[in-house]
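In: Provide a 3D model corresponding to the input given below.
(2 chains)
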Amino acid sequence: MSRIKKEFKMKASKNNNKNKSLDLLFKPRNVVIFEAKQKVAYFIEGLKSQGFSLENLYLISPSKEEVSGLKCYNSFDDIPIDTIDLLILSVRRELVVQSLKEIFAKKNVKFIHFFTAGMGESDEEGLTIENQIREVLENPEISTRAIGPNCFGIYCPSGKNAYMPFFPTNSGNIALISHSGDMHSRTVGYGALIYNLRFSKGASIGNCVSLQVSDFLEYFNQDDETDIIFIYFEGFSRYGKKEGRKILNLLKEMRKPVLILRGGKTKRGQSAVLTHTGSLGTDEKIWQAVYKQTSLIEVGSSIEEIIDHLYIFNEFYKKHRNLSLEEQINKFPEGKNALVIIWSGGIGIVDTDVLTELGFNLPLFEGNVKEKLMKIYPVKVGSLSNPLDLPWVSRSEKYLELCKAAISEDIQLIIMHTDARFGRSYKKRIENLTKIKEYIESLNKMLILILPETPEKNRIRYNRALVENGFIVFPELRRAGKAYLALYNYGKKIRRIKNKF
Amino acid sequence: MSKNKKKDKNLDPFFKPKTVAIYGASERGSTKHFVGGMEIQGFDKSKLYLINPSKEELFGLKVYKSLKEVPEEEIDHLILSIRRDILVQSLKEIFSQKKVNSIQIFTAGTGEYDDDGIQIEKDIKDMLDDDKIETRIIGPNCMGIYSPTGHLAYLKSFPQESGNISLIFQSGDLHTRLIKFGNLRYDLKFSKGVSIGNTVDLQISEVLEYFNNDEETDIIAVYFEGFSTLHPNEGKKLLKTLKTIKKPVLFMRGGETKRGQTAVLTHTGTIGTKQKIWDAVFKQTSIIKVPSSLDSILDYIYIFYTYINRYKKLGININEIPYPNAKNTLVVLWSGGFGILATDTLTKLGLNLPTFKGKSLEKLRKIYPIKIGSLCNPLDMPWIESSKEYLEISKTAIAENIDLVIIETDVAKNFKQTKHFPGYYSNLKKIKEYVESLNKILILILYQYPSPHRKEYYEMLIEEGFMVYPTLPQAANAYLALYEYGQKRKSLKNQ
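Out: Have a look, this model is predicted:
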């Protein structure tokens, strides 16, 4: 370290205590991209698509006149700013350390996004480079913090910041921390397309030479724009000090739901982690203890499960985000009793099997409820049991009355099947469903619709209309059931540990 | 009571009737769907007879006052859609008026509903036990028959083109959805389908036997709820049939859980069976157990359908098809994170992902020493998917004792105009060719999301003959079913 110090006079703030705030990483006042070239044009396009002010975007290239229609500066000397909020550094790995030193000699840099891959995850040489980067950044005179290397970067619609042009421009309340850039991109992309999810902030953090998972977790916990946090985690980077302990302590205090998907849960998966971010895996036993002690929720190993879970949590916070923590906690589902409403016996049986296997109860109607139902409509075809099988009745006025009578006190979740066979004439159907939904929500229960996946225009239209009308719609029962259970389990955990806050 | 007479095993009148009558036809309810379905399937309308004493004409067809008036010697298939109270009486009339070879009783609210309904079913059974009556009956409480080559369907929306999948379902709605979703999602085509209902007469074992001997059927899917109390020997018969069946049978059982069993009672009123018995059945026969879900059974059918038809196209006898022997999987993608998820998911499901080390890895590195990504399996090859190195690395890796190749794929907007797409697409086609030349399996994963370019790409891939699944676990489970079937065939052959 001392060698570097002697070689370069650093132009850097003297503040040794690194600032905790990551505001300028997500909402930079200016962004510099070095080295600008066509291959990384999506950074430029991403910023453009979010409406980032182009006057504050500086491209630097010693050889190019312009990239993506924007002028390039020859060198850092030419840009008219002293302090760079966010520098996106994309140079060959051999040049990273040298560039860093040169830049620090000229400018004050708040945050760096090291895009360059092929580092610690790749070979010994890459590891050496990472260590050198770390040495430079550890200089007490440097206050710069960084994400990466080997990462895609930052997404923050309210900061007009994105690394891909297809990310939504409006904000939501989900924040992402991801060891994998592609996982991050697809969570945003698929989440938006499939469930209309929106995000507050997202960080693809790569090999974590500087900023660690715990830094983001702490920041998001304090962040007013964030209600839900998702982490795609591969392991602890070799650079974080006491990272495991820090994460555990943060999770113990956490007042927001944190969902985690751990890559490398199997031994064979661990070997794949090594070639990806080079992180160090952790013992399953330790994780089981963490799940027990904190409100952390584990997600299985698929992208569908990530977005399914985020979707149901998001729906919850859409309705309850303005409540106090105490009131919010009371709103989480209190049980696993489900009522299934259908118009097909076969589907009802399969559903019963699926939900029972997942751990739900389907209470049978008895006494009063059964009588009430028979009085309203003595169905001959179908069944007034649970699943409530109501063929031919779904368009009649009795339908709502029957559903209401069937939703007894001990039910927390109501599942209804619907499909796109109504073609364009689904307005009336949505009206009927809305009445049931309003009734269910007035009782603080949850309604989930199942709309099976088919590549039909009608399905896409009907789905969109349902979502716009505030329905929770899943393509498959098993997926809906798992997501509901995550929400239920979180409620159970947070109720238990809130006393320790 | 039963005189144990031999009932006709030829079910052609159900699936390829020359004449069809709809008894109790009306403008409301099911008649419209039957007439519409048959019309779309191209059934000869002059051989379709509607019967209702109080109607003159329906859907542009003449209505006959009674079955007697119908100008045919015999009726191959009659659809009975009337109130349950007059069901027995009507059947008597029908039997006295004309020779009818097969009947579908559409009427619901019988044995599954209450004691009166149970009595109705008993009465029907008694009537059929009479030696003079040769008519076979499906139902009650069933949607009926789908048979594109017989020009029969109970809904307009069923595909006209026929294939080699046959269905026996104890739920009409599941039967309907399987056909519709299967066709829309995976372009599946069917030979014959029957929604069989409460099975007062025709039993699942009989249809199975018929499909086993049916030249138009290569794959059979069954949705089973339980046995009719009127047929105490059906369990044994079914087991016997399943033991000797030569075709793959994908079997989904409703009411696997105890709680599910209570739902079966109100659906078809059939008697469920103990899990232990089923475990033994799955052990002793080549049938493949499918988890309770429409999506699962579709996924399973899809891989059998694609795989069997691939070999049929080559002129290979279906009994000679080589089924996969092992579970060594190669995953090709362009994302490290997804590579790890894939590794975890596949490993947990019981597939092996052999790691490329030493010489094998050297061979791959020689072709292209990628700096970003990994050549260890998953092959994580970002940026080079349109290059010839991508193809060569993939082929070299596949040659390493791999049975299943999974490639995660996706495209961006306007993908056809991009510089890289033609090279990438041609790589995919060449990998497919190579994989198939080695009798191995290639599956593409294309995530499901609503977008026009995704749809366009998906259709392109299906057209080209790729097998495409929306998620990795779905693909892996389907492959494991195919693998299991191969293993079972082998061990049964040895016995």
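In: okay, now the domains of the chain?
Out: By default, I'm working from chain A. Structural domains of chain A, as assigned by automatic domain parsing, span the residue ranges A:2-312, A:324-500.
In: Can you look at chain B instead?
Out: The domain map for chain B lists B:12-303, B:324-494, with the assignment taken from automatic domain parsing.
In: Endpoints of the first one, how far apart?
Out: Length of domain B:12-303, first residue to last, C-alpha to C-alpha, to the nearest Å: 28 Å.
In: still on that earlier bit, in a markdown table: the domains of chain A, plus mean pLDDT and mean neighbour count.
Out: C-beta coordinates here come from the backbone N, C-alpha and C atoms, glycine included. Output for these, formatted as a markdown table (pLDDT from 0 to 100; neighbours: other C-beta atoms under 10 Å in any protein chain shown):
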| stretch | mean pLDDT | mean neighbour count |
| --- | --- | --- |
| domain A:2-312 | 91 | 20 |
| domain A:324-500 | 87 | 18 |
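In: roughly how far apart are the closest residue to chain B within the stretch 1-150 of chain A and residue B:172?
Out: For the stretch 1-150 of chain A and chain B, the shortest gap (C-beta to the nearest C-beta) falls at residue A:118, measuring 3.9 Å. Distance of residue A:118 to residue B:172, given as C-beta to C-beta, to the nearest Å: 58 Å.
In: check contacts around residue 43.
Out: I went with chain A, as the question did not name one. Counting by C-beta atoms under 8 Å, 6 or more residues apart in numbering or on different chains, residue A:43 makes contact with A:33, A:88, A:90, A:153, A:163.
In: Please refer instead to chain B.
Out: B:20, B:151, B:152.
In: Neighbour-wise, which one of those leads?
Out: Neighbours were tallied for each of these (criterion: other C-beta atoms under 10 Å in any protein chain shown), and the maximum of 27 neighbours falls on residue B:20.
In: which residues of the stretch 251-400 of chain B fall in helices?
Out: Here the stretch 251-400 of chain B has its helices, by DSSP state H, counting those that start in this stretch, at B:258-267, B:275-284, B:294-313, B:336-349, B:358-367, B:388-398.
In: quick one, which of these is nearest to residue A:174?
Out: helix B:336-349 (17.8 Å; C-beta to C-beta).
In: Buried ones in the closest one, by neighbour count?
Out: Applying a neighbour-count criterion of 16 or more other C-beta atoms under 10 Å in any protein chain shown, one finds B:336-348 buried in helix B:336-349.
In: How about stretch B:15-22?
Out: B:15, B:16, B:17, B:19, B:20, B:21, B:22.
In: Now the first one. Nearest residue, chain neighbours left out?
Out: Leaving aside its sequence neighbours, residue B:15 sits nearest to residue B:147 (C-beta to C-beta, 6 or more residues apart in numbering or on different chains; 4.3 Å).
In: coming back round to it: which one of the contacts of residue A:43 is nearest residue B:203?
Out: residue A:163 (61.9 Å).
In: helix/strand/coil for that closest one?
Out: Residue A:163 falls in the coil class when you classify it by DSSP: H, G, I helix; E, B strand; the rest coil.
In: Next, count neighbours for the nearest residue to residue B:375 once chain neighbours are set aside.
Out: With C-beta to C-beta, 6+ apart as the measure, residue B:364 is the residue that lies nearest to residue B:375, at 4.5 Å, once sequence neighbours are left out. Other residues near residue B:364 come to 23 when the count uses other C-beta under 10 Å.
In: tell me the contacts of residue B:364?
Out: Shown in contact with residue B:364 (C-beta under 8 Å, 6+ apart): B:356, B:375, B:379, B:393, B:396, B:397.
In: just curious, which of those is nearest to residue B:292?
Out: The closest of those to residue B:292 turns out to be residue B:379 (C-beta to C-beta; 35.1 Å).
In: Save the domains of chain A as a markdown table, and put in distance to residue B:214 too.
Out: Listed next are the domains of chain A as a markdown table, based on distance: least, C-beta to C-beta, whole Å:
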| stretch | distance to residue B:214 |
| --- | --- |
| domain A:2-312 | 37 |
| domain A:324-500 | 24 |
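In: Kindly present the contacts of residue B:364 as TSV, with separate columns for pLDDT.
Out: As requested, the contacts of residue B:364 are arranged in TSV below (pLDDT from 0 to 100):
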residue	pLDDT
B:356	89
B:375	86
B:379	92
B:393	94
B:396	95
B:397	95
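In: Between those, which sits nearest chain A?
Out: Nearest to chain A among the contacts of residue B:364 is residue B:375, at 8.6 Å by C-beta to the nearest C-beta.
In: if I read this right, residue B:118 contacts residue B:109, doesn't it?
Out: No: counting by C-beta atoms under 8 Å, no contact exists between residue B:118 and residue B:109, whose distance comes to 11.3 Å.
In: Write out the residues of the stretch 201-350 of chain A neighbouring chain B.
Out: Within reach of chain B by C-beta under 8 Å from any C-beta of the partner chain, the stretch 201-350 of chain A has these residues: A:232, A:234, A:261, A:263-269, A:271-273, A:275-277, A:301-304, A:343-350.
In: let's go with 10 Å and repeat that
Out: When proximity is defined as C-beta under 10 Å from any C-beta of the partner chain, the stretch 201-350 of chain A approaches chain B at A:204, A:206, A:232, A:234, A:261-277, A:300-307, A:340, A:342-350.
In: Could you tell me which of these belong to strands?
Out: A:204, A:232, A:261, A:262, A:340, A:342 (DSSP state E).
In: so how far is residue B:265 from the fifth one?
Out: If you measure residue A:340 against residue B:265 using C-beta to C-beta, the figure is 16 Å.
In: Apart from its chain neighbours, what residue comes closest to the closest residue to chain A within the stretch 201-350 of chain B?
Out: Proximity to chain A, evaluated over the stretch 201-350 of chain B using C-beta to the nearest C-beta, is greatest for residue B:337 at 2.3 Å. Here the nearest residue to residue B:337 in space, its sequence neighbours aside, is residue A:180; by C-beta to C-beta, 6+ apart that works out to 2.3 Å.
In: wait, isn't the one you found in contact with residue B:334?
Out: No: applying C-beta atoms under 10 Å, one finds residue A:180 not in contact with residue B:334, separated by 11.7 Å.
In: need the longest helix for chain B.
Out: Determined from DSSP state H, the single longest helix within chain B is helix B:472-494.
In: What spatial separation is found between residue B:211 and residue B:156?
Out: Here the criterion is C-beta to C-beta. By it, residue B:211 lies 25 Å from residue B:156.
In: More neighbours: the two, which one.
Out: In this comparison of residue B:211 against residue B:156, neighbours counted by other C-beta under 10 Å, the higher total goes to residue B:211 at 25 against 15.
In: what about residue B:473, distance to residue B:349?
Out: According to C-beta to C-beta, residue B:473 stands 7 Å off from residue B:349.
In: cool, and residue B:458?
Out: Separation of residue B:458 from residue B:349 (C-beta to C-beta) stands at 24 Å.
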